[in-house]
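In: how would this look folded up:
(one chain, ligands or ions: 1)
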Amino acid sequence: MKNILVIVGSGHKNGNTDQLADAFIRGATEAGHKVTKVFLGNKVINGCLGCNACHFGKPCVQKDDMIELYPLFMQCDAIVLASPLYFWTISARLKAFLERLYAVAQEDEHPAQGRYEKYPAKDCALLMTAADDLFWTFEQAVSYYRFNVVNYLGWNNKGVLLAGGCGGSHSKRKIQETGHLASAYQFGKTIYPV
Ligand SMILES: Cc1cc2nc3c(=O)[nH]c(=O)nc-3n(C[C@H](O)[C@H](O)[C@H](O)COP(=O)(O)O)c2cc1C
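Out: Numbers count the residues shown, from 1 in each chain. Take a look at the predicted model:
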């Protein structure tokens, strides 16, 4: 049994991304995992100020909803990032959450090239929805995930589910008309094969 934290970086309750995350959660829960879902749409999480107080032994100076998320993050085995595609990348909400993890960085005496600190070891996965479904639709978002989440934060990638063709920006949301919810359910069920 793993402790999985699902962060939904959408503002729409029951929107495409929230539904995709819920399908994943159904599968993961049925597989016996403990899953905690955080919907960022009703949270206030500001971007990192870069003040570096946290790197001088102090807690983050910002007293927003991130305070309640730090313990959830520290305790989880896996973190699943769910986001709508906004202007070719993850949503600002989710980016702000990731920036604020700077406050839990640990000193690394021998960092690899291009790294300056280390982060708690986690498994991770990415779930994304978008209106388009072209071969380049998710390129920037996946690149960011690989560079920052997997390579920089150093987390172990358990998989990426890219749900294109969900409508939404100029048409109605229609993830239920796609096969993506079934894929997300299967992903949740099999993220830790027995
Ligand atoms: C500000 C904004 C930017 C968006 N940018 C893109 C984009 O670059 N490519 C795309 O295919 N869809 C884009 N969309 C559409 C959403 O990614 C899509 O509708 C998504 O499934 C919405 O998820 P939600 O229901 O969780 O809000 C954008 C929507 C908004 C509101």
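In: Backbone dihedrals for the spatially most central residue of the chain, both of them.
Out: Nearest to the centroid of the C-alpha atoms of the chain, with distances taken as CA atoms, centre = their mean, sits residue 81, at 1.6 Å. Note on residue 81: backbone dihedrals following degrees, to the nearest 10 are phi -100, psi 120.
In: what residues does this protein put near the ligand?
Out: 10, 12, 15-18, 84-88, 129-132, 137, 166, 168-169, 173 (CB under 6 Å from any ligand atom). All C-beta spots, glycine's among them, are computed from the backbone N, C-alpha and C.
In: residues near the nearest residue to residue 100 once chain neighbours are set aside, how many?
Out: Excluding the flanking residues, the one nearest residue 100 by CB to CB, 6 or more residues apart in numbering is residue 66, at 4.8 Å. If you count neighbours by other CB atoms under 10 Å, residue 66 ends up with 21.
In: Pretty sure residue 66 sits against residue 101.
Out: No - contact between residue 66 and residue 101 fails when scored by CB atoms under 8 Å: they sit 9.1 Å apart.
In: picking that back up, using neighbour counts, trim the residues of the chain next to the ligand to the buried set.
Out: Buried subset of those (neighbour count, 16 or more other CB atoms under 10 Å): 10, 15-18, 84-86, 129-131, 137, 166, 168, 173.
In: Now, these that are in strands?
Out: 84, 129 (DSSP state E).
In: Report the lowest-confidence entry in the buried ones among the residues of the chain next to the ligand.
Out: Within these, the minimum per-residue pLDDT falls on residue 168 (88).
In: Tell me the predicted confidence for residue 114.
Out: 89.
In: Secondary structure element for it, which one?
Out: Residue 114 belongs to no helix or strand when assigned by DSSP states H and E.
In: list the buried ones in the longest helix seen in the chain?
Out: Assignment by DSSP state H gives helix 16-30 as the longest helix of the chain. By neighbour count on 16+ other CB under 10 Å, the buried set for helix 16-30 is 16-28.
In: Next secondary structure element downstream of that helix?
Out: According to DSSP H and E, the helix or strand after helix 16-30 is strand 34-39.
In: In contact with the residue of the chain found nearest the ligand, which residues?
Out: Residue nearest to the ligand within the chain (CB to the nearest ligand atom): residue 168, separated by 2.0 Å. By CB atoms under 8 Å, 6 or more residues apart in numbering, residue 168 lies in contact with 15, 16, 84, 129, 131, 174.
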